[in-house]
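Sharing a model prediction with you, sequence too.
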Amino acid sequence: MSAPAQVLIVTGGGRGIGAAVATAAARRGYAVAVSYKDNRARAEAVAAAIAKTGGWAIALAGDVAREADVERLFVETDRALGRVTALVNSAGILGPTGRLDAVAATPVNELFAVNVTGTILCAREAVKRMSTRRGGNGGVIVNLSSTAAVLGGGGEAIPYAASKGAVETLTVGLAREVAMEGIRVNCVRPGMIDTEMQPPGRLERARPMLPMQRPGTAEEVANAIVWLLTSEASYVSGAILGVSGAR
C-alpha cells in the first residue's frame, strides 16, 4: 500500500483537540504525525488506534518551545511519512491563572514560548516545505486560538488570552504573506470545550452562562479544523472560525 499524498503534523496530538484532529484527519486519508512533549504513551496510543483502522500515523516527541525540537519534528516527519502538506498547531498551555496583579514573569514567558513562539516556529518549518516559492506544492496551516482572545480572560487568565490574540494576528498576517505561494492559513477559535485543559470545576460553573447550556467536545472542534484542511475550504484563508456554541 502506497503512503497517502497528504501528510499532517498535529502538535499536542496526544490529547484533547489535537488527538481528535489526528483521528478525524486519518479517517480522511491523511498520514499523521502525532507530536507530543511528555506523554509518550498517550501519543503512541493515538497513533496505534489510527494504524489499527488502516491509517498511517507515528508519534514523535518534541517541545514546540524549543527550536531544535521543532526542526527535528519536521525532518523526522519528512523521512517517515513524506513532505508535510498540512499543519495543525494544537499544542498549548493555560499558563498562570488568577488576577494579573499576582502574575510572575517566568510562567508568562513559558506560556508565550509554547503558545506563540511554538506556533510561529512550526508555521515557519511548514512554510519552508509547502511554499511554491521554495519548491513545494502548497499546503494548509490551521492554528488554535480561544474565545479568550476576544473575551480577554479578566479575573481568570489574561496572559493566556493575550497569547491567543497573538496567534490570531499571526494567522491573518501569515495568510496574506503566503497567499500567492499555495498556502492557506486559518485559525479556529474554540469556546468552552470539555477537555482536560479546563481547571477543575470550571465547566460546571460556566454551564449556566453558555448559550447552548453545554460545553463543546473535542470532536466538534476537530471537525471544523479538518474541514479547513480540505479542498472544501479552498477559498478560505486568513479566517478566524469560531466553534463556540454562540458564546
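Happy to help now that I have it.

alpha carbons only for contacts and neighbour counts from here, please
OK.

Lowest-scoring secondary structure element of this structure by mean pLDDT?
When each helix and strand of the chain is scored by mean pLDDT, DSSP states H and E, helix 202-206 comes last, with a mean of 88.

Show me where the chain has its helices.
If DSSP state H is used as the criterion, the helices of the chain fall at 16-27, 40-52, 67-81, 105-112, 118-130, 148-151, 158-177, 202-206, 218-229.

so what secondary structure elements neighbour the shortest one?
Right, helix 148-151. Here helix 148-151 touches helix 158-177, going by 3 or more Cα pairs under 8 Å, 6 or more residues apart in numbering; DSSP states H and E.

how about 10 Å then?
helix 158-177, strand 183-190 (3 or more Cα pairs under 10 Å, 6 or more residues apart in numbering; DSSP states H and E).

Just give me the neighbour total for residue 53.
Other residues near residue 53 come to 10 when the count uses other Cα atoms under 10 Å.

And it, how far from residue 46?
For residue 53, the distance to residue 46 (Cα to Cα, to the nearest Å) stands at 11 Å.

Spatially central residue for the protein, please.
Centroid-nearest residue in the chain, with Cα atoms, centre = their mean: residue 90, separated by 2.1 Å.

ok, now which ones touch the residue nearest to residue 134 when sequence neighbours are not counted?
Here the nearest residue to residue 134 in space, its sequence neighbours aside, is residue 128; by Cα to Cα, 6 or more residues apart in numbering that works out to 6.5 Å. Counting by Cα atoms under 10 Å, 6 or more residues apart in numbering, residue 128 touches 84, 134-136.

Name only those of the residues you listed that count as buried.
Listed as buried from these are 84, 136; burial here means 16 or more other Cα atoms under 10 Å.

and residue 88, what are its bridge partners?
Under the criterion DSSP bridges, residue 88 forms beta bridges with residue 10, residue 142.

count of residues packed around it?
Residues near residue 88, counting by other Cα under 10 Å: 28.

ok, residue 220 touching residue 242?
No - judged on Cα atoms under 10 Å, residue 220 makes no contact with residue 242 at a distance of 11.4 Å.
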